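> Fold the stuff below for me.
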Amino acid sequence: MSRAKIVLWLSLTLRSSCSLCRARFIKGQLQTPGYPAAMENGTMPCGEKRPPEDQETTVTEGAARIVFPSANEVFYNPVQEFNRDLTCAVITEFARIQLGAKGIQIKVPGEKDVQKVVVDLSEQEEDKAELKEGANVAPGDQPQTAAVGEICEEGLRVLEGLAASGLRSIRFAREVPGLRSVIANDASPRAVDLIRHNVQLNKVAHLVQPSQADARMLMYQHQRVSERFEVIDLDPYGSPAPFLDAAVQAVSEGGLLCVTCTDMAVLAGNSGETCYSKYGAMALKSRACHEMALRIVLHSLDLRANCYQRFVVPLLSISADFYVRVFVRVFTGQAKVKASASKQALVFQCVGCGAFHLQHLGKASGPSGGRVKFSPDCGPPVAPECEHCGQRHQLGGPLWAEPIHDLDFVGRVLEAVSTNPGRFHTSERIRGVLSVVTEELPDVPLYYTLDQLSSTIHCSTPSLLQLRSALLHAGFRVSLSHACKNAVKTDAPASALWDIMRCWEKGCPVKRERLSETSPAFRILSVEPRLQASFTIRDDANPSSRQRGLKRFQANPEANWGPRPRARPGGKAGGEAMGDRRRLLQNKRKEPAEDLVQRAAWLKTFPCKRFKEGTCQRGNQCCYSHRLPTPEATAEATSTNCPQTLNQSPPGPGATTGPGVD
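Below is the predicted model:
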């Protein structure tokens, strides 16, 4: 062996030995108790106590009891209890319908006494005949029943794609009868460990199966007809748009798809281009934005289902609190998919008075019972300028223009909740919301509001009963909407509504000299009404839900009302840190004092973003603080970049958003 080869061999041997020693040394450091990387999933080595932020909190909701880390509030949001209660009620009635077709009866806790009353009302002779027939029936021919917590071999297969702590899946297993299996899936390993712990705690391991996978891939793997789910529940953080394509393929024929959307800012028209990128529709800012959000989500679901020769049938669509929730059934049929274009519509909305008109994308024509011909619809339904105020129109949509509820199904859910109010903690609110839903006009999309009509012409606001009575006297239909407290849903055209408001304004005239000649109020009031409205209160103007004093619209029950912060790596998103962040960054974008010394001291109260990233080159000359944040104020402050000089003006009051705004 030559000398060069020997030197090369020795160098390679020494290099590998050094690498091995270095790896062993690092491994030994990682195994020491004091090394931070020794903690895995928030656990500490044996013999050490957990820090306070790693302590666990136990929460009881419905029939379930879950445990989640105290420092991570994203695992449980008490505001969503109404959402979970309503979902359990809807799936129960869906199971009653699906299993009833197979001859299986479900037993719901609390409905036993109600069934006894029904039996006692029957005639005695029929009871005796049933007993005689039952005596000759073999044990195997007895009607099959499905109870809560038991596996039903012909029952429903349920998938919760984004389970988090597994609370919803556990509640399904402990409160909904007729289930075959429940898959509680989440992509986070820590969340899946938490699901396993909660499943064992509630003793539902025979029904609930934890799963760690991407929800989209899991649903794509269940596209075969034999492997599809009868119920799919999607409750993501923000938009469910990335999961809808997989969901409409993984749900069985006639199966139930439950979708929650918490990105209401996008659906309500704050970012129309973002809404189009996610849902394929342009949202508009209007008083009817909450119902428009529901119809945009239904349009997006139907559009994705049409790609696979499937279509959706809405069962219940709810706008509540800070989210929308839709329950739809998915069917397959090429012939009915052709009618989907006639179910969608564009919205022309006036930017001045807010009057809107719908333009359907397609139309179906043909003799009844004969062949139906589908063709594009004709339009537009409006002129370039609004006929009432002369302003231009905005174009929104497409959106779902058909009924958003199945009133028969809603009535079944309402009856079940009313006869068994002790089943859910939010039964009172469920009764109120569903009662308003049953009173809505099913064939009238969108609505106006009282304050919108009165503020447009700068007059006093009529009462709800007065405006409803005027519409009823004029021969139009009118109803409320569960999506807005002051909503007026009517089949009256906009011209009739403005005639009624003109008649109302005559009782309390507006000073015309204060109105601009180009304002919508001046142009609307300059026209004499052709319809003479009567504001005499009618008995049928007051809806039944309002007369009974049901809890239809819930007020904000707590501070910081809304969705929780997004989960972060490590799982720490405590409310105290968020509160500190809000207090630290509050009024940051307001204009500071003109004194340069005061302004410099004011800027020093904010941390430097570039220093935190290690890229600030200003050193002591930087106008922001370079001090490390204390544990009490570890607010991940979003501050602006370091200006080069102190003489640069900080952001003024014209900024649209501030770091302290969630």
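> In the protein, where is pLDDT below threshold?
Across the chain, the ranges flagged by pLDDT under 70 are 1-54, 70-75, 112-142, 368-369, 555-594, 628-662.
> Quick check: phi and psi at the most centrally placed residue in the chain.
With distances taken as C-alpha atoms, centre = their mean, the residue of the chain nearest its centroid is residue 261 (2.9 Å). Per-residue torsions, residue 261: phi -120, psi 120 (degrees, to the nearest 10).
> Now the residue nearest to it when sequence neighbours are not counted: which helix or strand?
Closest residue to residue 261 apart from its sequence neighbours, by C-beta to C-beta, 6 or more residues apart in numbering: residue 324 at 5.0 Å. C-betas here are computed from N, CA, C, even on glycine. Per DSSP states H and E: residue 324 is located in strand 323-332.
> could I have that strand exported to CSV, CA atoms only?
Only the C-alpha atoms of strand 323-332 are listed here, as CSV (Å, rounded to 0.1, in the frame of the first residue of the first chain):
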residue,chain,number,x,y,z
TYR,A,323,-69.5,31.2,12.0
VAL,A,324,-71.9,29.5,9.5
ARG,A,325,-72.8,25.9,9.7
VAL,A,326,-74.4,23.9,6.9
PHE,A,327,-75.9,20.4,6.8
VAL,A,328,-76.3,18.9,3.3
ARG,A,329,-77.0,15.5,1.8
VAL,A,330,-75.0,14.4,-1.2
PHE,A,331,-76.6,12.4,-4.1
THR,A,332,-75.4,11.1,-7.5
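> Name the surrounding residues that touch that strand.
83, 86-87, 90, 248, 251, 253-262, 264, 267, 290, 293-294, 297-298, 301, 305, 308-319, 404, 563 (C-beta atoms under 8 Å, 6 or more residues apart in numbering).
> Out of the residues you listed, which sit inside helices?
The helices, defined by DSSP state H, take in 83, 86-87, 90, 248, 264, 267, 290, 293-294, 297-298, 301, 305 from the contacts of strand 323-332.
> Which entries within these meet the buried criterion?
83, 86-87, 90, 248, 264, 267, 290, 293-294, 297-298, 301, 305 (16 or more other C-beta atoms under 10 Å).
> Run a quick neighbour tally on residue 110.
The number of residues packed near residue 110 is 12, by other C-beta atoms under 10 Å.
> now it: how far from residue 228?
Separation of residue 110 from residue 228 (C-beta to C-beta, to the nearest Å): 31 Å.
> just to revisit the earlier point, which residues sit in contact with the residue nearest to the centre of the chain?
239-240, 267, 293, 297, 323-325.
> what's the most distant pair in these?
239 and 325 (13.8 Å; C-beta to C-beta).
> quick one: which of those two has more around it?
Ranked by neighbour count (other C-beta under 10 Å), residue 239 and residue 325 place residue 325 first, with 24 against 20.
> can you tell me how far that one sits from residue 299?
According to C-beta to C-beta, residue 325 stands 16 Å off from residue 299.
> Residue 290 now?
Counting by C-beta to C-beta, the gap from residue 290 to residue 299 is 15 Å.
> Could you do residue 430 as well?
Distance from residue 430 to residue 299, by C-beta to C-beta: 26 Å.
> same question, residue 393
Distance, residue 393 to residue 299, by C-beta to C-beta: 20 Å.
> for residue 224, same thing?
28 Å.
> quick one, which of the two is more surrounded?
Taking neighbours as other C-beta under 10 Å, residue 224 and residue 299 compare with residue 299 leading, 23 against 8.
> close enough to count as contact, residue 66 and residue 169?
No - here residue 66 does not reach residue 169: they are 10.4 Å apart, not a contact under C-beta atoms under 8 Å.
> Who has more neighbours out of those two?
The residue with more neighbours, out of residue 66 and residue 169, is residue 169; 29 against 25, by other C-beta under 10 Å.
> looking at this, that one is in a helix?
Yes - looking at residue 169 with DSSP: H, G, I helix; E, B strand; the rest coil, it is inside a helix.
> Make a markdown table out of the buried ones among the ones in helices among the contacts of strand 323-332 and add distance to residue 523.
Formatted as a markdown table, those follow (distance: C-beta to C-beta, whole Å):
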| residue | distance to residue 523 |
| --- | --- |
| 83 | 44 |
| 86 | 44 |
| 87 | 48 |
| 90 | 47 |
| 248 | 46 |
| 264 | 33 |
| 267 | 32 |
| 290 | 29 |
| 293 | 30 |
| 294 | 32 |
| 297 | 36 |
| 298 | 35 |
| 301 | 40 |
| 305 | 44 |
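> Going along the chain, name the helices of the stretch 51-200 of the chain.
81-100, 112-120, 124-135, 167-175, 189-202 (DSSP state H, counting those that start in this stretch).
> Also the stretch 301-450 of the chain?
Under DSSP H, counting those that start in this stretch, the stretch 301-450 of the chain gives helices at 334-337, 407-419, 427-439, 450-456.
> Can you give me the buried ones in the third one?
Yep, that's helix 427-439 we're talking about. Across helix 427-439, burial judged by 16+ other C-beta under 10 Å covers 427, 429-439.
> Starting from the host helix or strand of residue 489, tell me which strands it pairs with and how they run.
Residue 489 belongs to strand 484-490 when assigned by DSSP H and E. Note on strand 484-490: by DSSP bridges, its sheet partners are strand 448-449 (antiparallel), strand 478-481 (antiparallel).
> Near the spatially closest residue to residue 487 that is not a sequence neighbour, how many other residues are there?
In this structure, residue 487 finds its nearest non-sequential neighbour in residue 481, 3.7 Å apart by C-beta to C-beta, 6+ apart. By the criterion of other C-beta under 10 Å, residue 481 has 24 neighbours.
> From what I see, residue 481 and residue 445 are in contact.
No - the criterion here is C-beta under 8 Å, and residue 481 misses it with residue 445 at 10.6 Å.
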